[in-house]
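Chemist: only the shape, not the letters, is given here:
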């Protein structure tokens, strides 16, 4: 089972105070791009893998999805997600994404935001997504960009002009990376971009769009603590059809 | 027209002495991967965009291609390519890849090795490739990896463990990069990996495979001057079907 860091008290408390947790979509700068990759949700049956506090589920129901299933491994997250909605189109369930079991053809869209870089068995997960989707169904997800997860020592340096630069190494060495983010020893799985693309293709998906999202210069100017985030992509966003 | 650096005397002299120019495939460490992405060439009509000295054309004819058309902007390269073969299956012609004009459906495979990162009008080139291919035909190419072309100051640094690291910045700023390689001011076009992928998809190609090629640790151990080349990818290799 995945390291369930979200159910440790200190991490959950820290996570709950993040701008993303408080301001929801408004503090997720990649959301407009990810949103532009989604199909028209009216009437669709939607799964959200790693739904967290359930913002996407609530939004999907509001814009007309017929049924929305939010799945997460964290009891803490699901408890909060359930508190914030009474929409009968939304259901939440606990699920370990390492051992997902989706009913065949049960969904028209499978969505996942910033969860799959925690998963060891991505092959198994993609197989389940394929199984859970109707033919022609859509898979849209975001993960931390491989350039972001690869370094042995993630952190900004400066180039000879004084401009921020992100020193990449260990790129082709896939596997666990331990980082200290809200807690010590948070484990993420580094994979190359090629691995995400080729796994989808081998699984029979047709790749429809790929985005390497980085902050704009204007966003960085408005958030001095994001300094450097316009120099290399933070997130990889993908869309594929079954 | 593309900067035709290969027809300046000093650059051509330097290029002609490179291991890649003297030892051909043996000094192109990415070749086995690129080769594994090719279809069975027997009976196929093949175009090689940026054919250089014509090694690939000669190899393609040897393994059974029905007709091989080598195209290059450099008279110097084409003259040498013509000298090295009398195979009637091979023809060479001068062509500016910025203004390519391929006959409709004339080819079953379009191949290009390390040429397209010189091209400004990649959209126009991909359109020509699509036009030149038979339905179901195959497009296989390599370019310098976007992580390699992006930095304002390309060059290795060391991380806190003393391990080589490649400082990436300016990644989302597409356009010309001037580097000093065999000559001052060689112009390459930096593009994001997303741009290569999305341009192919928008043009109606189905992506079949993507590889981010970096040297293995063993290759770096055998070539001390490649130090660092196992830490981040040097080349992007792609295969798509019309």
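Modeler: Received it, and whenever you're ready, just let me know what you need. For clarity, every value in this text was computed on a predicted model and none was experimentally measured.
Chemist: what's near enough to touch the residue nearest to residue A:19 when sequence neighbours are not counted?
Modeler: Leaving out its chain neighbours, the residue that sits closest to residue A:19 by C-beta to C-beta, 6 or more residues apart in numbering or on different chains is residue A:27, at 3.7 Å. Yep, even glycine has a C-beta here, placed from its N, CA and C like the rest. Going by C-beta atoms under 8 Å, 6 or more residues apart in numbering or on different chains, residue A:27 touches A:18, A:19, A:20.
Chemist: in ChimeraX, how would I select just the buried ones from those?
Modeler: The following ChimeraX line selects those of the contacts of residue A:27 that are buried, judged by 16 or more other C-beta atoms under 10 Å in any protein chain shown:
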select /A:20
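Chemist: now residue A:35: which helix or strand?
Modeler: helix A:31-36 (DSSP states H and E).
Chemist: right, I mislabeled it, should have said residue A:140
Modeler: Residue A:140 belongs to strand A:133-144 when assigned by DSSP H and E.
Chemist: show me what that strand is packed against.
Modeler: strand A:107-113, strand A:235-241 (3 or more C-beta pairs under 8 Å, 6 or more residues apart in numbering or on different chains; DSSP states H and E).
Chemist: residues touching the closest residue to residue A:44 other than its chain neighbours, list them.
Modeler: Nearest in space to residue A:44, with sequence neighbours left out and distances taken as C-beta to C-beta, 6+ apart, is residue A:108 at 4.1 Å. With contacts defined as C-beta under 8 Å, 6+ apart, the neighbours of residue A:108 are A:39, A:44, A:45, A:46, A:133, A:134, A:137, A:138.
Chemist: any figure for the gap between residue A:108 and residue A:201?
Modeler: 21 Å (C-beta to C-beta, to the nearest Å).
Chemist: equivalent analysis for residue A:151, please.
Modeler: 27 Å.
Chemist: hang on, residue A:148 in a helix?
Modeler: Yes: counting by DSSP: H, G, I helix; E, B strand; the rest coil, residue A:148 is part of a helix.
Chemist: who's in contact with it?
Modeler: Per C-beta under 8 Å, 6+ apart, neighbours of residue A:148: A:154, A:166, A:232, A:233, A:234, A:235.
Chemist: could you give the number of residues near the residue lying closest to the fourth one once chain neighbours are set aside?
Modeler: Taking C-beta to C-beta, 6+ apart, and ignoring the residues beside it in sequence, residue A:233 has residue A:212 as its nearest neighbour in space, at 3.8 Å. Applying other C-beta atoms under 10 Å in any protein chain shown, we find 23 other residues in the vicinity of residue A:212.
Chemist: if we can go back for a sec, in a markdown table: the helices and strands packed on strand A:133-144, plus mean pLDDT and distance to residue B:187.
Modeler: As requested, the helices and strands packed on strand A:133-144 are exported to a markdown table (pLDDT from 0 to 100; distance: least, C-beta to C-beta, whole Å):
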| stretch | mean pLDDT | distance to residue B:187 |
| --- | --- | --- |
| strand A:107-113 | 98 | 39 |
| strand A:235-241 | 98 | 29 |
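Chemist: so is stretch A:157-173 next to chain B?
Modeler: Yes: Stretch A:157-173 lies within reach of chain B by C-beta under 8 Å from any C-beta of the partner chain, at A:157, A:159-161, A:163-172.
Chemist: got the confidence number for residue A:179?
Modeler: On the pLDDT scale, residue A:179 is placed at 83.
Chemist: ok, it - contacts?
Modeler: Counting by C-beta under 8 Å, 6+ apart, residue A:179 makes contact with A:154, A:186, A:188.
Chemist: can you read off the backbone torsions of it?
Modeler: Per-residue torsions, residue A:179: phi -130, psi 160 (degrees, to the nearest 10).
Chemist: element containing residue A:199?
Modeler: Following DSSP H and E, one finds residue A:199 within helix A:193-202.
Chemist: quick check: residues of chain A near chain B?
Modeler: By C-beta under 8 Å from any C-beta, the residues of chain A that approach chain B are A:147, A:150-153, A:157, A:159-161, A:163-172, A:192-194, A:197-198, A:201, A:206-212, A:214, A:230-233.
Chemist: can you select the buried ones from those residues in ChimeraX?
Modeler: Buried residues among the residues of chain A next to chain B (16+ other C-beta under 10 Å), as a ChimeraX selection:
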select /A:147,150,151,152,159,164,165,166,167,168,169,170,171,172,192,193,194,197,198,201,207,208,209,210,211,212,214,230,231,232,233
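Chemist: and the residue nearest the centre of chain A, what are its phi and psi?
Modeler: Centroid-nearest residue in chain A: residue A:114, 1.8 Å away (criterion: C-alpha atoms, centre = their mean). Torsion angles at residue A:114 (phi, psi; degrees, to the nearest 10) stand at phi 50, psi 40.
Chemist: that one is in contact with residue A:145, isn't it?
Modeler: No: in this structure, residue A:114 is not within contact of residue A:145 by C-beta atoms under 8 Å, at 10.9 Å.
Chemist: intersection of neighbour lists for these two?
Modeler: With C-beta under 8 Å, 6+ apart as the test, residue A:114 and residue A:145 both reach residue A:235.
Chemist: what are the contacting residues of the helix or strand bottoming out on mean pLDDT in chain A?
Modeler: Lowest by mean pLDDT, DSSP states H and E among the helices and strands of chain A is helix A:19-23, with a mean of 76. Helix A:19-23 is contacted by residues A:15, A:16, A:27, A:28, A:53 when judged by C-beta under 8 Å, 6+ apart.
Chemist: mind checking how far it is from the chain centre?
Modeler: 15 Å (C-alpha atoms, centre = their mean, to the nearest Å).
Chemist: same question, stretch A:198-206
Modeler: 19 Å.
Chemist: measure that stretch end to end?
Modeler: Counting by C-alpha to C-alpha, to the nearest Å, you get 10 Å between the two ends of stretch A:198-206.
Chemist: so can I have a markdown table of the helices and strands packed on strand A:133-144 showing distance to residue B:129?
Modeler: Output for the helices and strands packed on strand A:133-144, formatted as a markdown table (distance: least, C-beta to C-beta, whole Å):
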| stretch | distance to residue B:129 |
| --- | --- |
| strand A:107-113 | 33 |
| strand A:235-241 | 23 |
